[in-house]
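In: Okay, predicted coordinates and the sequence, questions at the end:
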Amino acid sequence: MIVRKMEEKDLEAVSTICLASFIQSVAATLSENGVSTFSKIAAADSFCERMQGDNLMLVAEVDRKIVGVIELMEGRHVAMLFVSPDSQKKGVGRKLLSAALECARNPIVTVSASLSSVPAYEKYGFKCKGSTAESAGLIYQPMEIELNKSV
C-alpha cells in the first residue's frame, strides 16, 4: 500500500469511495437532508474545489487502485476519512491518518466524526469533546487528538 497526494485524475474514484462507504455505514442514520448534504460534499467537483484551498488530500493505493482518502483542512481538521468497504479493517485508515497527522500544523487536530466512526477514531487516539451536534442534516461527534499521542 502506498499513500500519496491526491491528483485530479483521482477525483471520480475518491468520490465513489466516499459515497460507497457513507451509504454502507452512515446514510441510514441520517435524514434525507443529511444524505443530500454529504453527497454534495463528496462530489468530485467539490473535492476539486477544495484541492485549490489549504487542504491536504491523500489517497491510499493498493495495486494501483485507490482504496481510501483523507482530507486535512488547514493542517488542523480531518474533514474526510473514508476507506472503500472492501478494504476496511486492513490498516488503510490508520495509515492515511498517520500520514496526514505527520503534516498537521497544529498540536491539536479535530474531527467531526459520524456516530458510526467514533469507535474507530477512539482506537486512533481521538477523544470526544462536547456533545453530538447536527449541521445541515449531518449528525456528528466533535473529537480531537493531541499530537504528542501516538496513532
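Out: The structure has been received and is ready for your questions.
In: all contacts plus neighbour counts: C-alpha atoms, from now on.
Out: Fine.
In: Where does the residue nearest to the spatial centre of the chain sit, in terms of helix or strand?
Out: Centroid-nearest residue in the chain: Leu81, 1.7 Å away (criterion: C-alpha atoms, centre = their mean). Here Leu81 sits within strand 77-83, counting by DSSP states H and E.
In: got the contact list for the most far-flung residue of the chain relative to its centre?
Out: The centre of the chain is farthest from one residue, Asp63, which by C-alpha atoms, centre = their mean lies 21.5 Å away. With contacts defined as C-alpha atoms under 8 Å, 6 or more residues apart in numbering, the neighbours of Asp63 are Met1.
In: Residues touching the longest helix seen in the chain, excluding its own?
Out: The longest helix of the chain (DSSP state H) is helix 11-25. Contacts of helix 11-25 with the rest of the structure, by C-alpha under 8 Å, 6+ apart, involve 39, 42-45, 47-48, 59, 66-69, 82-85, 116.
In: and if we set it to 7 Å?
Out: The contact list for helix 11-25 (C-alpha atoms under 7 Å, 6 or more residues apart in numbering) reads 39, 42-44, 47, 66, 68-69, 82-85, 116.
In: for this protein, what spans make up the strands?
Out: 2-5, 55-62, 65-73, 77-83, 108-114, 127-128, 133-135, 138-146 (DSSP state E).
In: Can you tell me the strand partners of the shortest one and which way each runs?
Out: According to DSSP bridges, strand 127-128 forms sheet pairs with strand 138-146 (antiparallel).
In: Would you mark the buried spots in the strand it pairs with?
Out: 138-145 (16 or more other C-alpha atoms under 10 Å).
In: try stretch 124-138
Out: Those would be 124-128, 137-138, for stretch 124-138 by 16+ other C-alpha under 10 Å.
In: could you point out where this structure is predicted with low confidence?
Out: Counting by pLDDT under 70, the chain contains low-confidence ranges at 149-151.
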